[in-house]
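# Have a look at this prediction, sequence included:
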Amino acid sequence: MMDSALAHQILDDEDAHVLEGHESAMLGIGHRCGQPTIAVYDRDELIGSFMKMNQWSFEAAQEWIEFNIEGAWIGESTPMILEKIE
């Protein structure tokens with residue numbers, strides 16, 4: 001398991017896009033063959049983080065994330081949002 005500070009240093013060194021203020025939702029670092037290193041976030045934790053930060057409802061946070069994060073391509077270092085399977 002990787003230390004959080006080390007993970008952020010690696011992401012900074014790789015010029016990966018990170019979601020500032022939502023560190024609690026970060027699962028770790030994603031590695032892909034021939035592609036830049038990316039930040040990986042837990043979708044449910046990210047929704048909760050946006051709800052808390054902005055005093056939003058679940059639906060408002062989910063819609064914002066779907067449109068502005070999941071629906072956005074900001075280059076090869078776009079973060080990945082992971083939806084866990086129960």
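Sure thing, it's come through.
# So K52 belongs to a helix, correct?
Yes: counting by DSSP: H, G, I helix; E, B strand; the rest coil, K52 falls inside a helix.
# quick one: pLDDT of it?
With respect to pLDDT, K52 has a value of 97.
# residue contacts, it?
Contacts for K52 were tallied using Cβ atoms under 8 Å, 6 or more residues apart in numbering; there are none. Backbone N, C-alpha and C define where each C-beta goes, glycine included.
# ok, which stretches of this protein are helices?
4-13, 43-54, 58-65 (DSSP state H).
# highest average neighbour count across those helices?
Of the helices of the chain, the one with the most neighbours on average (mean count of other Cβ atoms under 10 Å) is helix 43-54, at a mean of 17.
# Mind pulling up the pLDDT for W56?
98.
# Quick check: closest non-adjacent residue to it.
In space, and not counting its chain neighbours, W56 is closest to F50: 6.0 Å by Cβ to Cβ, 6 or more residues apart in numbering.
# Contacts only, for that neighbour.
Counted by Cβ under 8 Å, 6+ apart, F50 has contacts 22, 56, 61, 64-65.
# distance of the residue positioned nearest the centre of the chain from G34?
By Cα atoms, centre = their mean, the chain has its centre lying nearest to Y41, at 3.5 Å. Noted for Y41: a distance of 22 Å to G34, by Cβ to Cβ, to the nearest Å.
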